[in-house]
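Novice: Just the structure for this:
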Amino acid sequence: MKKNYFIKTFNLIFNLICFSSLAFIVEWLSILIDTHLIEPKKSEMMGLFVPLNTLLNQASSYAHQIGIALSIMTAFLVAIEILTRLQSDHLINYFKSIKQTFKLRYFMRQREQTEKIIETQTVTAVNPIHRQFN
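Specialist: Numbers count the residues shown, from 1 in each chain. Predicted coordinates:
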């Protein structure tokens, strides 16, 4: 079976979205730490907090740049997929493919222990498939 563009790029796009979100969270946290923890104490101990302030500003700047770059790469890959879908298929099928991929991955994930509710008690049972194949 020949892999199409969706199959080739789905994990890449998903990982790019996760890492760009993580980069923006790191940027936001470094700004938050700098604003609320470092700035009020900066006047008290000038020599100690200046390098930390500089480090947080650089981390914020780098995280922002990485987040923007990853977001642009994600937008480019998704735009290619959308344009391809518009030419040969319907755009709604792209979103259906994403939804079905997540549903299939959830279905295929085997858990070691499963919880079943029998009457009013919760019973934990070991999954035999997980024990045999994993």
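Novice: Spatially central residue in this protein, please.
Specialist: Most central in the chain under CA atoms, centre = their mean is residue 18, positioned 2.1 Å from the mean C-alpha point.
Novice: Which element, helix or strand, includes that one?
Specialist: helix 5-33 (DSSP states H and E).
Novice: Now do that helix: which elements does it pack against?
Specialist: Applying 3 or more CB pairs under 8 Å, 6 or more residues apart in numbering; DSSP states H and E, we find helix 5-33 packed against helix 46-88, helix 91-108. Every residue, glycine included, has its C-beta placed from N, CA and C.
Novice: try 7 Å this time
Specialist: In this structure, helix 5-33 packs against helix 46-88, with contacts taken as 3 or more CB pairs under 7 Å, 6 or more residues apart in numbering; DSSP states H and E.
Novice: Is it correct that residue 122 falls within a helix?
Specialist: No: read with DSSP: H, G, I helix; E, B strand; the rest coil, residue 122 is strand and lies in no helix.
Novice: about what we covered before: any idea of the angle the helix holding residue 18 forms with helix 46-88?
Specialist: With axes from the mean of the first three to the mean of the last three CA atoms, to 10 degrees applied, the angle from helix 5-33 to helix 46-88 works out at 160 degrees.
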